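Enquirer: Okay, structure incoming, though there's no sequence with it:
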């Protein structure tokens, strides 16, 4: 019989798909580059997620800011002004054949969660349940 085959270090199994790993890496690169850009118009903007397609053609950058929905349009414009620089930083740091073309969108997931939290906090039935004593009189 022949020698047992050894696995190369490149054949390791990862706990999540390649696209998710790339998306997370790209998110970190974009967030770091925004700090370096030092544009006051992006002072309170947080990159919450990036979805990169499997071919690395496109990347949707999701953000949130303290400006809320009122500032979204302006933030998308400013991020668009810095798009080429962000893409260049991605190309330098991830060493891939392609660099995704970035698009910018507000993260509606976070805002939906905030609305749900507000509704729950203001729910009269919920506050009544917490105000009434339980069986032990607490």
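Expert: Arrived safely, thanks for sending. It should be emphasised that the depicted structure is a prediction, and the values quoted were computed from it without experimental measurement.
Enquirer: What residues sit buried inside the helix or strand hosting residue 49?
Expert: Taking DSSP states H and E as the definition, one finds residue 49 inside strand 45-52. Under the neighbour-count criterion of 16 or more other CB atoms under 10 Å, strand 45-52 has 45, 47, 49, 50, 51, 52 buried. To be clear about C-beta, it is placed using only N, CA and C from the backbone, and glycine gets the same treatment.
Enquirer: One more: stretch 88-97?
Expert: Here stretch 88-97 shows 89, 90, 94 as buried, counting by 16+ other CB under 10 Å.
Enquirer: Quick one: residues contacting the closest residue to the first one other than its chain neighbours.
Expert: Distances taken as CB to CB, 6 or more residues apart in numbering place residue 33 nearest to residue 89, at 4.2 Å, with adjacent residues excluded. Shown in contact with residue 33 (CB atoms under 8 Å, 6 or more residues apart in numbering): 85, 86, 89.
Enquirer: Turn those residues into CSV, columns for secondary structure and pLDDT.
Expert: What follows is the contacts of residue 33, written out as CSV (DSSP: H, G, I helix; E, B strand; the rest coil; pLDDT from 0 to 100):
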residue, secondary structure, pLDDT
85, helix, 95
86, helix, 95
89, helix, 94
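Enquirer: and those as CSV, adding distance to residue 102?
Expert: Below are the contacts of residue 33 laid out as CSV (distance: CB to CB, whole Å):
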residue, distance to residue 102
85, 10
86, 6
89, 11
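Enquirer: and which of those is nearest residue 105?
Expert: In terms of CB to CB, no member of the contacts of residue 33 lies closer to residue 105 than residue 86, at 14.5 Å.
Enquirer: just checking, that closest one touches residue 30?
Expert: Yes. Counting by CB atoms under 8 Å, residue 86 touches residue 30, with 5.4 Å between them.
Enquirer: Could I get the contacting residues of residue 76?
Expert: So residue 76 contacts 104, 105, 106 (CB under 8 Å, 6+ apart).
Enquirer: Go ahead and confirm residue 23 touches residue 52.
Expert: Yes. Using CB under 8 Å, residue 23 is in contact with residue 52, at 4.7 Å.
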